[in-house]
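Visitor: Dropping a prediction and its sequence here:
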Amino acid sequence: MHFEPENLDFTLSPYTGLTRKHWIEAGKYILEGVFSHVKTMDAPVLVPRYETEITYPNSHTPAWKVQAEYYEGLARSFFIAAPLISIEPDLVICGKSMRQYYKDHILRSCTPGDEQYVLSYSDMDKDSVPSFGLHTYQQTVETCAIVIGLAAARKEIWDTYTKQEQDLIASFISDYARGTTATQNWRMFNMLDLAFLNMMGYEIDRDLMREHAQAILSYYAGDGWYRDGHSFDYYSAWAFQVYAPIWCKWYGYENEPYIAAEFEKNSNELMKTYDRLFDERGYVTMWGRSCIYRNAATAPLAANFNLRHPAADPGLARRIASGALLQFFGRDDILYEGAPVLGFYGPFTPMIQSYSCAESPLWLGKAFLCLELPEDHPFWQEREKNGVWNELEEGQVLETVLDGPGLSVSDFHDNGTMILRTGKVIKRIGDDNGRWCYAKLCYNSRYPWESDLESGLSAASYVLKEPDIGKTEQINSILWSGQRDGVLYRRALFGFDSAGVMHWTSLIDLADFPVRNGLVRADKIRLFHKPADIYLGSYGFPCPDASWRLEKNGDAQAVIISGHGSDGQMRHMAMTVWSGWSDLSVEKSRGTNPDTEESFIIFAHAHREKVFAYEPYILISQIITREGDEGFSDDEVFSISEIEYTDRERCGGYGPVKLKLRSGKTQVIDFSGIEGHLSL
């Protein structure tokens with residue numbers, strides 16, 4: 001049963017109707033589903049499992065990580081429970097006092113000998129082989145959630161422990177704070193542990209704190225984004241840009257003013273453009289790893305208000321947070337027996353990672369940290385705003401190019417979608433999940449990415465098939481070259497291996513730009529092996545009742561597909577191809593789309609025969625989408641009226657290519673200079 005808020009307030013919240021009261025109700029709604037499986041006050045927070053091969057614990061799981069599942073359930077649900085306990089100290093869920101439950105189980109998790117003791121860092125590391133003190137453990141992640149919750153419910157829980165109990169918990173937290181951590185966003189966990197201990201009067205290693213903090217600053221790439229490992233994704237938002245403002249408030253402003261000022265500046269820089277990553281409804285886009293955390297992507301909007309000089313717009317921040325909440329909890333399929341499933345919407349195995357367990361999706365509880373803001377805070381009192389979506393005019397597309405993280409964000413007035421184009425991506429060969437999460441050509445807020453079909457073809461991506469050697473290659477790396485004269489330039493590489501030589505790697509130079517309801521591509525193929533078949537997939541179309549037709553206009557051809565989405569609304573998608581392509585087809589797939597069991601993908605196909613031959617290089621295509629009863633006009637489907645090449649053979653091997661659009665606009669594609677500006 002999905003979340004059904006009552007007595008909506010469209011005066012204060014004209015877009016969602018949600019107020020602080022509804023957020024409190026939503027938090028209780030989630031806890032009730034989770035605690036329906038916690039049968040007694042002594043039982044841990046564990047929810048039913050339906051997947052046991054990828055997620056832990058499984059047959060390959062070490063004993064220490066079995067205990068980590070207990071801690072994940074406890075800590076991540078505490079994200080939601082702690083602010084609710086602070087608001088309503090006598091809160092009872094499923095017959096259990098939340099204040100007493102979490103007080104008891106946090107203590108038990110830190111107490112050696114208890115069956116729910118989750119093991120200290122030292123306990124685990126002493127048995128590691130070899131024991132170099134260089135091992136990392138899941139429990140480090142969860143200690144941070146515990147201290148955030150204890151700070152939120154300090155009066156109701158932490159202050160009610162005896163001094164001996166506080167010391168026991170502090171010693172446990174300190175052990176992880178001082179332990180080895182992953183050299184990416186995990187450093188923030190250690191920093192918040194140390195900051196909490198300092199705030200509670202315990203001695204800490206301030207040099208260790210400074211070491212972690214300087215490292216976090218070194219990961220900053222600009223435009224409000226931090227690099228996580230070698231990736232850019234929502235971890236920049238729900239880790240760096242949630243924890244850093246809390247750290248500033250707890251520790252940084254007083255003890256490390258320079259670093260705190262940098263964190264504040266970086267958070268405020270994110271606030272300048274972060275709202276544009278959410279579409280007109282406030283929807284989160286399925287992109288990057290750990291998408292099971294869903295609307296946690298909205299958490300930095302509220303976290304910004306932990307700063308002394310926040311830049312977030314309160315009415316806009318709440319509107320996005322509430323829109324994303326409804327995106328997920330307005331659906332029935334997001335829950336499995338009451339608990340959030342391992343998926344984006346319903347259960348979806350292709351997107352889950354081995355570091356997750358059944359309780360991991362409760363990380364979405366970070367979105368509920370907004371409830372730590374008091375009732376009279378502007379976040380709750382200002383009228384909802386819809387930011388740039390109210391400023392766009394008919395036919396307008398707002399583009400935001402972020403060179404730091406290599407992201408291009410396009411907000412489309414006419415269909416209300418957000419399309420994200422990424423660069424600075426490198427994934428190892430065979431990492432299918434990594435390709436889907438990061439290396440699609442673009443990510444659409446209404447059309448989540450689709451995993452590969454049995455045929456090896458892929459939605460929103462190119463696939464290269466070399467029939468004479470029986471080889472299929474996928475894009476596993478995208479390099480960023482930036483935007484020039486309205487065109488975004490990138491490079492996509494097939495089966496890239498850093499140990500190999502670049503000139504034996506097939507690639508496609510990417511050039512794309514927005515039109516009213518989508519993107520036009522004019523990409524240049526650079527293949528070292530032929531014969532080859534090249535395929536380009538549309539977004540997955542999650543409408544099981546879809547029907548389609550083929551239309552032609554001169555040398556151009558298009559497939560137009562329509563059907564009803566999971567929300568019952570009519571959807572339309574059109575894929576058009578011009579020069580360079582030979583044909584279009586539609587394939588039906590099952591189990592590859594996170595929105596519906598059955599989906600359809602349109603594929604464009606081209607064939608190149610000779611290794612050294614002057615054949616068409618430029619592949620011109622367009623994908624547009626729309627929702628509602630109205631379909632597309634001919635001018636939208638066949639948006640290009642004329643193509644001018646520099647070379648007389650009209651292959652696009654050299655020189656600019658000029659695209660004249662029916663809108664009256666002319667777009668020039670010029671790959672000269674891309675080589676010298678590639679970055680990762």
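Guide: Noted; the coordinates are in hand. Numbers count the residues shown, from 1 in each chain.
Visitor: In contact with Q241, which residues are there?
Guide: G224, Y226, N266, S267, L270, P300, A303, N304 (CB atoms under 8 Å, 6 or more residues apart in numbering). From N, CA and C alone the C-beta is placed, and that goes for glycine too.
Visitor: In space, what's closest to it - neighbours in sequence excluded?
Guide: P300 (3.8 Å; CB to CB, 6 or more residues apart in numbering).
Visitor: Okay, buried residues for stretch 92-106 please.
Guide: Within stretch 92-106, the residues that count as buried by 16 or more other CB atoms under 10 Å are I93, C94, K96, S97, M98, R99, Y101, Y102, K103, H105, I106.
Visitor: average pLDDT across stretch 287-300?
Guide: For stretch 287-300, mean pLDDT rounds to 98.
Visitor: same check, this time on stretch 263-277
Guide: Per-residue scores along stretch 263-277 average to 98.
Visitor: try stretch 604-618
Guide: 95.
Visitor: Please name every helix or strand in contact with the longest helix along the chain.
Guide: What stands out as the longest helix in the chain, according to DSSP state H, is helix 63-87. The contact analysis (3 or more CB pairs under 8 Å, 6 or more residues apart in numbering; DSSP states H and E) places helix 63-87 against helix 20-35, helix 98-109, helix 138-152.
Visitor: okay if I get those helices as JSON lines plus mean pLDDT and distance to K249?
Guide: As requested, the helices and strands packed on helix 63-87 are exported to JSON lines (pLDDT from 0 to 100; distance: least, CB to CB, whole Å):
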{"stretch": "helix 20-35", "mean pLDDT": "98", "distance to K249": "21"}
{"stretch": "helix 98-109", "mean pLDDT": "98", "distance to K249": "22"}
{"stretch": "helix 138-152", "mean pLDDT": "97", "distance to K249": "9"}
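Visitor: Q667 and L659 touch, don't they?
Guide: Yes. With contact defined as CB atoms under 8 Å, Q667 counts as touching L659 (4.7 Å).
Visitor: More neighbours: which of these two?
Guide: Higher neighbour count among Q667 and L659: L659, with 22 against 18, using other CB atoms under 10 Å.
Visitor: name the helices or strands packed onto the helix or strand where the more buried one lies?
Guide: Secondary structure from DSSP states H and E places L659 in strand 657-661. Under the contact criterion of 3+ CB pairs under 8 Å, 6+ apart, strand 657-661 touches strand 518-526, strand 640-645, strand 666-669.
Visitor: what about N198, which SS state?
Guide: helix (DSSP: H, G, I helix; E, B strand; the rest coil).
Visitor: contacting residues for it?
Guide: I204, W250, Y251, N255.
Visitor: among those residues, who's most crowded?
Guide: Using other CB under 10 Å as the neighbour test, the contacts of N198 are led by Y251, with 24 neighbours.
Visitor: Now for that one: which residues touch it?
Guide: Counting by CB under 8 Å, 6+ apart, Y251 makes contact with M191, L194, A195, N198, M199, M209.
Visitor: Output those residues as TSV; include the columns distance to W504.
Guide: As requested, the contacts of Y251 are exported to TSV (distance: CB to CB, whole Å):
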residue	distance to W504
M191	44
L194	49
A195	50
N198	54
M199	56
M209	47
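Visitor: contact partners of the strand holding L659?
Guide: For strand 657-661, the external contacting residues (CB under 8 Å, 6+ apart) are 515, 520, 522, 618, 620, 639-646, 666-670.
Visitor: just the buried members of these?
Guide: Here, 16+ other CB under 10 Å leaves 515, 520, 522, 618, 620, 639-641, 643, 645, 667, 669-670 buried among those.
Visitor: Just put those in JSON lines and tack on distance to S589.
Guide: Formatted as JSON lines, those follow (distance: CB to CB, whole Å):
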{"residue": "V515", "distance to S589": "27"}
{"residue": "V520", "distance to S589": "25"}
{"residue": "A522", "distance to S589": "28"}
{"residue": "I618", "distance to S589": "29"}
{"residue": "I620", "distance to S589": "26"}
{"residue": "S639", "distance to S589": "28"}
{"residue": "I640", "distance to S589": "29"}
{"residue": "S641", "distance to S589": "34"}
{"residue": "I643", "distance to S589": "32"}
{"residue": "Y645", "distance to S589": "36"}
{"residue": "Q667", "distance to S589": "33"}
{"residue": "I669", "distance to S589": "32"}
{"residue": "D670", "distance to S589": "37"}
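Visitor: buried stuff in stretch 180-197?
Guide: For stretch 180-197, burial by neighbour count (16+ other CB under 10 Å) applies to 180-181, 184-197.
Visitor: Pick out the most distant pair among those residues.
Guide: Q184 and L197 (22.4 Å; CB to CB).
Visitor: any idea how far the closest residue to L584 other than its chain neighbours lies from M573?
Guide: Using CB to CB, 6+ apart and skipping the chain neighbours, the partner closest in space to L584 is V559 (4.9 Å). Remark: distance between V559 and M573 (CB to CB, to the nearest Å) = 9 Å.
Visitor: so after the helix or strand harbouring S267, what's the next helix or strand?
Guide: Using DSSP H and E, S267 sits within helix 257-271. In the C-terminal direction, the helix or strand that comes right after helix 257-271 (DSSP H and E) is helix 299-303.
Visitor: That next one - contacts with which helices or strands?
Guide: If you count contacts as 3+ CB pairs under 8 Å, 6+ apart, helix 299-303 packs onto helix 241-247, helix 257-271, helix 314-329.
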